[in-house]
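>>> Got a predicted model here, sequence first, then my questions.
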Amino acid sequence: DATNTVTFDGGTGNASTRIIANNTSNSMDNVVLLDGADHIIFRNLTIRATGSTYGIGVHLTNEADYNEISDCVIEAPMSTNSYAIGILGGSPTSNSSTGDFAEYNLIKNCTITGGYYGVRFNGQSSSGVQAEGNRLHNNEVKDWYYYGVYMYYQRYTEVIDNEIIVRSNGSSSSYGLYLY
């Protein structure tokens with residue numbers, strides 16, 4: 001519950017020197033994996049996927065709910081591969097499967113760079129209970145290839161005061177914000 005929150009805080013203004021990195025060489029490799037974890041806070045950190053093709057900065061899965069990522073720098077590979085993702089709320093085995101993976105998470109005041117997707121959250125389905133309550137506030141999502149923010153089968157979603165910028169050599173048919 002919320003009274004047992006775990007916080008990883010690099011200290012105000014220290015994200016550039018507090019770095020968590022992983023050489024992400026396979027499609028579902030990640031730097032931070034929240035697998036069913038709730039009430040975790042990451043603040044003032046750089047989270048860097050260092051693979052050249054694959055890599056997920058932060059992966060929330062299996063009902064990872066009520067988490068917060070704030071004042072962080074999230075870096076995904078500058079790749080055209082769909083398994084390069086800054087932040088993924090999705091299946092443990094696929095970036096596109098639907099299900100109950102992540103709800104009521106807050107991403108705020110972050111810089112999310114690179115990836116095929118800057119941010120991707122998957123919900124259950126249009127006929128079932130959709131994922132809900134995920135919030136993106138005041139982030140800079142930049143240098144992604146195809147989707148800046150991709151929210152699939154979500155409801156009660158907030159995307160407020162974000163700057164979403166495609167990379168200069170991104171897809172000519174890219175989407176800054178995709179809500180379905």
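In hand now; what should we look at? Numbering: from 1, shown residues only.
>>> Report pLDDT for the nearest residue to Ile165 once chain neighbours are set aside.
Excluding the flanking residues, the one nearest Ile165 by Cβ to Cβ, 6 or more residues apart in numbering is Lys142, at 4.3 Å. In short, each C-beta sits where N, CA and C put it, glycine included. pLDDT for Lys142: 97.
>>> Assign the most centrally placed residue in the chain to helix, strand or coil.
Using Cα atoms, centre = their mean, the residue of the chain that lies closest to the mean C-alpha position is Ile87, 1.4 Å off. Taken by DSSP: H, G, I helix; E, B strand; the rest coil, the conformation at Ile87 corresponds to strand.
>>> That one contacts Val58, correct?
Yes. Ile87 lies in contact with Val58 (Cβ atoms under 8 Å); the separation is 4.7 Å.
>>> Spell out which residues are contacts of both of the two.
Ile69, Ile74 (Cβ atoms under 8 Å, 6 or more residues apart in numbering).
>>> about what we covered before: what's across from the residue nearest to the centre of the chain in the sheet?
Val58, Val119 (DSSP bridges).
>>> Just the mean pLDDT for stretch 155-168, thanks.
Stretch 155-168 comes out at a mean pLDDT of 95.
>>> and the next element down the chain from the helix or strand encompassing the residue nearest to Ile165?
Assigned by DSSP states H and E, Lys142 belongs to strand 140-144. Next helix or strand after strand 140-144 toward the C-terminus (DSSP H and E): strand 147-152.
>>> From the contact counts, what lies against that next one?
strand 117-122, strand 163-166, strand 175-179 (3 or more Cβ pairs under 8 Å, 6 or more residues apart in numbering; DSSP states H and E).
>>> Packed most tightly, which of the ones you listed would that be?
Among the helices and strands packed on strand 147-152, the stretch with the highest mean neighbour count (mean count of other Cβ atoms under 10 Å) is strand 117-122, at a mean of 28.
>>> picking that back up, any chance of the helices and strands packed on strand 147-152 in TSV, plus distance to Asp38?
Output for those, formatted as TSV (distance: least, Cβ to Cβ, whole Å):
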stretch	distance to Asp38
strand 117-122	16
strand 163-166	28
strand 175-179	25
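>>> Tell me which of the ones you listed sits nearest to Thr50.
When the helices and strands packed on strand 147-152 are compared by Cβ to Cβ, strand 117-122 sits nearest Thr50, at 17.4 Å.
>>> Hey, what's the angle from that closest one to strand 140-144? Just curious.
With axes from the mean of the first three to the mean of the last three Cα atoms, to 10 degrees applied, the angle from strand 117-122 to strand 140-144 works out at 110 degrees.
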